[in-house]
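Chemist: Here is my input; please provide its structure:
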Amino acid sequence: MTWPFALPFAGLLLSIALGPLLFAGFWHHHYGKIAAAWALVTLAALTWRAGLGAALASFIHALLAEYLSFIVLLFALYTVAGGILVTGDIRGTPVTNTAILALGTIIASVVGTTGAAMILVRPLIRANLARPHNVHVLIFFIILVANVGGALSPLGDPPLFVGFLRGVDFFWTMRNIWLQTMIVAGLLLVVFAAIDAWRFRTEPASKAPEKKEPVRVRGLVNVVLIAAIVADIMVSAVWKPGISFEVVGTHVELQNLVRDGILVVIAGLSLWLTPDEHREANGFNWEPIREVAKLFAAIFTAIVPVIAMLNAGHSGSFGWLLNAVTTPTGAPREVAYFWSTGLMSAFLDNAPTYLLFFELAGGDPKVLMGELSGTLAAISMGAVYMGALTYIGNAPNFMVAAIANERGIKMPSFFGYMLRAAAVLIPLFVLLTVLPIHPLFSSS
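Modeler: Numbers count the residues shown, from 1 in each chain. Below is the predicted model of the structure:
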């Protein structure tokens, strides 16, 4: 295949990036149709190039082998996290804000960046709504809770779950990039605490409420259900019954079907066991997960020819990209993988970008977890960390900004946020690149 077969994928990602910015109303009402159109263009091109049978087989493989498990996990985490309600009077002091951000960063790898953001963003907004300077609180919340905090498990961030579906061990990222994540998150929290303390000192003292309602966490049954989700994912990673079903050439393994079925049951239990008023108080609705489901169905379809061209190696249409991230001897350049994956994740979307560079690095999880572990670490960190550079780098970013705007916090524009996030993050990424803390960038 030649490069024009990648145009539907590029068009889809550009639509996702620019649609909400340039024609928000039209996009909101028709994003599903736009995404479906790009997917149909891809399937038409595949049919023209390889025949209807090959196009159908590729489509079925993308949906059953990759997309289904991906969206079921996101659905379960979104549903269960939406049933956890934090109430009470919280005053947005530097200590309180830093504690909330630290908590969100820690739990993001367990409940997902979307789950952690949805649990904590409203209490954080309530705590800081009366402060004249509060935008920086939400910016750091997006960076830490909606992105960096999800770096330690496949539950944390969509790109890592894509890797898990491709065969990466569940605990691989935790074992290999925990130190880098601690350094980045720790420095970010220190920088935030300093900025917030400076801002807080310049603000007039706010009057504390006469009768303070204690902080309470409601819907605790959902904490148990989150533990059940984690257990389900871990069991599916070790239980290999050796039974599979073939659907138009795609082998669907029994353990994956059982895992996904249990996740749907857990989500149903959350809806049944959680009082409706908890979700209403959280402002819970199905639109965010509906949008993710539609867009990613198209993404996983449109990326099929891109992956095929990547698999062609140096002789394929993306040979130039492979040359940019490898040395003349064929060894990977980890620094190039880190920055290329990260910058593309910031302006496109981190899950398909992770998948693209995962395939570019060979796509063999055993090799990438072994002799090329530095390359996989670079791809993982780039996709997760740099998703925070723009509103469109990761799904929760826009959600947090939209909720903040609705509650009266005037968030910066797309480019305003990008400049602020880059000013904080780029120096940290440069530091991460040069720190001799891991054989990560040894071949750079």
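
Chemist: List the residues that contact Val367.
Modeler: By CB atoms under 8 Å, 6 or more residues apart in numbering, no residues touch Val367. The way it works is simple: take the backbone N, C-alpha and C, and place the C-beta from them, glycine included.

Chemist: Which positions in the host helix or strand of Leu295 come out as buried?
Modeler: Taking DSSP states H and E as the criterion, Leu295 maps to helix 287-302. Residues 288-289, 291-302 are the ones in helix 287-302 that count as buried (16 or more other CB atoms under 10 Å).

Chemist: mind showing which ranges of the stretch 101-250 of the chain have poor pLDDT?
Modeler: Scanning the stretch 101-250 of the chain for pLDDT under 70 picks out the ranges 206-211.

Chemist: from the buried residues of helix 287-302, which single one is nearest Pro132?
Modeler: Pro288 (29.6 Å; CB to CB).

Chemist: how about the nearest residue to the closest one, chain neighbours excluded?
Modeler: Met399 (5.6 Å; CB to CB, 6 or more residues apart in numbering).

Chemist: For the strand or helix carrying that neighbour, name the packing helices and strands.
Modeler: In this assignment (DSSP H and E), Met399 forms part of helix 395-406. When contacts are defined as 3 or more CB pairs under 8 Å, 6 or more residues apart in numbering; DSSP states H and E, helix 395-406 packs onto helix 94-128, helix 135-144, helix 287-302.

Chemist: okay, these in a markdown table with distance to Thr42 next?
Modeler: Formatted as a markdown table, the helices and strands packed on helix 395-406 follow (distance: least, CB to CB, whole Å):
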| stretch | distance to Thr42 |
| --- | --- |
| helix 94-128 | 27 |
| helix 135-144 | 31 |
| helix 287-302 | 5 |
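
Chemist: Let me know how buried the residue nearest to Pro288 is, in neighbour terms.
Modeler: 21 (other CB atoms under 10 Å).

Chemist: That one: what's it in contact with?
Modeler: Contact analysis of Met399 by CB under 8 Å, 6+ apart lists 114, 117-118, 288.

Chemist: can you pick the most crowded of the residues you listed?
Modeler: Highest neighbour count within the contacts of Met399: Ala117, with 30 neighbours (other CB under 10 Å).

Chemist: Touching, it and Asn147? I think so.
Modeler: No. Contact between Ala117 and Asn147 fails when scored by CB atoms under 8 Å: they sit 9.5 Å apart.

Chemist: Which residues are in contact with each of those two?
Modeler: With CB under 8 Å, 6+ apart, Ala117 and Asn147 have common neighbours Pro396.

Chemist: chain center to the very next helix or strand once past the helix holding Leu295: distance?
Modeler: For helix 287-302, the following helix or strand on the C-terminal side (DSSP H and E) is helix 304-311. Remark: helix 304-311 is offset 22 Å from the chain centroid, using CA atoms, centre = their mean, to the nearest Å.
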